[in-house]
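In: Following is a predicted model, sequence given first.
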Amino acid sequence: MQLVINTYGSYLQKNGDCFKIKKGDEVFEVSVKKVSSIMITTAAYITTDAIKLAMDHNIDIIFLDEFGDPFGRVWHSKLGSTTLIRRRQLEIAGMEEGLRLALSWVARKFDNQVELLKRLRNTRTQKSAEITSYIGKLENCRQTLDTLTGTIEERRGTIMGIEGSGGRIYFECLSFLMPDRYQFEGRSLNPARDEFNALLNYAYGVLYSRVEKACIIAGLDPYVGIIHTDNYNKKSLVFDLIENFRIWADETVVNLFAGRKVKQELFDELKNGFTLNKEGKAMLIEAFTKFLDESIRYNGRNIKRGDVIQFECHKIANGLIKEAEIGK
């Protein structure tokens, strides 16, 4: 389970093999064996003993800002695996195999978006024709990826352009499917210009932290990307890999609107946009965690949906090692 601290002034400490949490007059304990990560979304206190207990059990501690973006993480200092993986990350960026890997991630994102729209079309028959039109446009974007060859340096601008075009089509369709009150004009970051994007941004922030953790465990360097370029403190690989999994955040947010779970009292209105308040964050995190914990079929076995991230990162790392061994 993910232990979420979202009450101002909460106190997290160690008590034997348990985490002890104080929230006002409320006190409860959670066994360290039941905790996979700790997420702190507001001003809180944490003891060094609690931090060491987490480190001793490979439990990362993530700090999120008011918009859901991770601004810090406490994690043990060991490498997840051999440094060969990180060297291979740097090498393939200038090779054709790097382009193939990058295109597979972008193609998967498009495929996920098309499949979600098809599922939404099945339950919104009155809007079937319009959704079908959007699906066709997305599939056209997807097909243009198959024509790209060369290296990522040569094709990065083209890929980003295709992604941008597809994103505008996809989110225009999602807006079309929202209740009139919650329709929106494209993506907006922090602060979000509307309630849909406020929810989506926060869900993406939670997802970023999961992808980064999976990279570290698999031995991948979160800062060495392929599609996204290197920059100071930019977790380029996390930005690359999250494209495979954004659909989970999208579907969670769409389902919250469809289930009439979204209420105005879950948001604080800012001068130039919206942000989730404490109740809104709790509602979203609960729904997203439940979605990620659902059992799905993956490579012939049943696993939690969220665990797919770790398996996929290990697959990438193993592929990099295998290619290195072949090249010897």
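Out: In hand now; what should we look at?
In: so where do the helices sit in this protein?
Out: In the chain, helices defined by DSSP state H lie at 48-56, 84-92, 96-122, 128-144, 152-177, 195-218, 236-241, 246-258, 278-293, 308-326, listed in chain order.
In: okay, now the domains of this structure?
Out: Under the assignment automatic domain parsing, the domains of the chain span 2-64, 84-326.
In: nearest to Trp75, of these?
Out: Between Trp75 and those, the shortest separation by Cβ to Cβ is 4.8 Å, and it involves domain 2-64. Where you see a C-beta, it was placed from the backbone N, CA and C, and this is true even at glycine.
In: Gly9: how many residues sit nearby?
Out: Neighbour count of Gly9, defined by other Cβ atoms under 10 Å: 11.
In: and it, how far is that from Ile92?
Out: According to Cβ to Cβ, to the nearest Å, Gly9 stands 47 Å off from Ile92.
In: do you know which of the domains of the chain lies nearest His76?
Out: domain 2-64 (4.8 Å).
In: per-residue confidence averaged over the closest one?
Out: Across domain 2-64, pLDDT averages out at 88.
In: what ranges of the stretch 201-328 of the chain fall below the confidence cut-off?
Out: 230-233, 323-328 (pLDDT under 70).
In: and among the helices of the chain, the most buried is which?
Out: Comparing these by mean neighbour count (mean count of other Cβ atoms under 10 Å), helix 195-218 ranks first with a mean of 24.
In: got the contact list for the nearest residue to Leu270 once chain neighbours are set aside?
Out: Leaving aside its chain neighbours, Leu270 sits nearest to Pro191 (5.1 Å; criterion: Cβ to Cβ, 6 or more residues apart in numbering). By Cβ atoms under 8 Å, 6 or more residues apart in numbering, the contact set of Pro191 is Phe67, Ala198, Leu270, Asn272, Gly273, Phe274, Thr275.
In: Out of these, list just those in strands.
Out: Judged by DSSP state E, strands contain the following of the contacts of Pro191: Leu270, Gly273, Phe274, Thr275.
In: Isn't the last one up against Asp268?
Out: Yes - judged on Cβ atoms under 8 Å, Thr275 makes contact with Asp268 at a distance of 5.2 Å.
In: Those two: who's more crowded?
Out: Thr275 (20 against 15).
In: distance of that one from Tyr182?
Out: 16 Å.
In: So which residues make contact with stretch 153-160?
Out: In contact with stretch 153-160 (Cβ under 8 Å, 6+ apart) are residues Ala93, Gly94, Leu99, Ala102, Leu103, Val106, Leu145, Leu148, Thr149, Ile152, Ile227, Thr229.
In: Check stretch 43-54 too.
Out: Taking contacts as Cβ under 8 Å, 6+ apart, the residues outside stretch 43-54 that touch it are 5, 7-14, 17, 19, 32, 35, 38, 40, 59-61, 74.
In: now Ile217: how far from Asp307?
Out: Noted for Ile217: a distance of 11 Å to Asp307, by Cβ to Cβ.
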